[in-house]
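[1] Fold the following.
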Amino acid sequence: MARILTRWAMAAFFLFCTGTVFWVSWQRPTIMVLHSYASDYAWTREVNAGLSRILDTQNWVRVSTYYMNTKISKDEDYLRRAGLAARRAIDAATPDVLIAVDDAAQELVGRHYVDRPGIRIVFAGINGNTDGYGYPAAGNVTGILERKPAAAITECLRFLAPDRGKGARVMLLCDKSYSAITDANYLAGCDWGNVDYRGARFVDDFSGWRQAVAELAGQVDFLLVGGYRQLSAPAGGGGLVPAKEVMSWTEANAPMPVIGINVFNAEDGAMLAIGVSPFEQGEVASEMALTLLRTGQAASEMPVRISRQYVIAMRKSALLRRRIEVPQIFEAFARATNNYYE
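    Model (predicted):
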């Protein structure tokens, strides 16, 4: 009899412990990270690295991630369905805080949760303003804006061409995606100092891109490249041209040096890129989300932040081909952030 009672006591203790573990796990607050793009996209990968630096040690929080993969198509029906699927996933997960990364996540998803009870939104990677999403007047939204580092690009030009740094002619070439247009609008209002910034040129397809590169020969000393993942293939080809194909062709055929304004441009093939730090975007968004969970404060009580850090990326073979030397500190910086490519 005593043995039976002991077994029942042990079983009850085991069930109690198991139940306690499940109860504690169930009670943990949840952060859901919603990415506009795919997990293998360079920008997304490094935003995730920033998120992980903060969230991986927070065992008191449950974290889930959803990727919308909106870069692969310009089709409005595809994007609508991607947004609906993401919203279904959020409704099922019922997160306490939603970290929404990049503009597509705000347009297709985030704006539908403005002032929704029980959920707070922390945005990251927004290139333009937040008015179109209804965020400025929302009580449950805060985040960090992404702003291209024009001052850092200007400093870089002085290093690359000290003889032409004063009055160097520069133009931005990009596709017609929302993020590219908003980046161009922001850069148009920046102080470029002695650099002769000549604005932006937008193209729809790869043929137009190649034509623009050829026409700019002799008109600019440096070509800035922004977004090009939304370039349509030549007539009859269908779909979008792979990013690496666009950048590899540009680096091989552009008569002027090419500088990317996104870190991933160098991974795609550009000789050099100076872009907003994706690590900072992830880290700051994580810290804001955790603060909201710890304090219980309204998101609107937390001031919106603006990006301050930037990252340098470089491709050695492209620099050597153009016989351009950069300060060793550039290489050290690129290597330290895993953005140095042979």
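
[2] wait, residue 299 sits on residue 119?
    No - taking contacts as CB atoms under 8 Å, residue 299 lies outside contact range of residue 119: 9.7 Å. Where C-beta positions appear, they are placed from N, C-alpha and C, glycine not excepted.

[3] Common neighbours of the two, please.
    Common neighbours of residue 299 and residue 119 (criterion: CB atoms under 8 Å, 6 or more residues apart in numbering): residue 140.

[4] Between those two, which has more neighbouring residues?
    Neighbours around residue 299 and residue 119, counted as other CB atoms under 10 Å, are more numerous at residue 299. The numbers are 23 against 19.

[5] for that one, what are its contacts?
    120-122, 138-142, 292 are the contacts of residue 299 under CB under 8 Å, 6+ apart.

[6] Got a ChimeraX select line for the buried ones in these?
    Of the contacts of residue 299, the buried ones can be selected in ChimeraX as follows, counting by 16 or more other CB atoms under 10 Å:
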select :120,121,122,138,140,141,142,292
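
[7] And the average pLDDT for stretch 214-221 is what?
    For stretch 214-221, mean pLDDT is 95.

[8] now swap in stretch 141-150 and tell me
    96.

[9] Outside of it itself, list whatever touches it.
    100, 110, 114, 120-127, 130, 135, 183, 186-187, 190-192, 261, 274-276, 280-281, 284-285, 288, 292, 299-300, 302-307, 310.

[10] Which entries within these meet the buried criterion?
    Buried subset of these (neighbour count, 16+ other CB under 10 Å): 100, 110, 114, 120-127, 130, 135, 183, 186-187, 190, 192, 261, 274-276, 280-281, 284-285, 288, 292, 299-300, 302, 304-305, 307, 310.

[11] what bits of the stretch 201-342 of the chain have low per-residue confidence?
    Where the stretch 201-342 of the chain drops to pLDDT under 70, the residues are 235-238.

[12] And the one helix or strand residue 183 maps to, how far out from the chain middle?
    Assigned by DSSP states H and E, residue 183 belongs to helix 178-188. Centroid separation for helix 178-188 versus its chain: 14 Å, with CA atoms, centre = their mean, to the nearest Å.

[13] I'd like the next helix or strand past it.
    Defined by DSSP H and E, the subsequent element after helix 178-188 is strand 196-202.

[14] Can you give the contact residues for the next helix or strand after that following strand?
    For strand 196-202, the succeeding helix or strand toward the C-terminus, using DSSP H and E, is helix 206-215. With contact meaning CB under 8 Å, 6+ apart, helix 206-215 is reached by 173, 175, 201, 203, 223, 228, 231-235, 241, 246, 249-250, 253-254.
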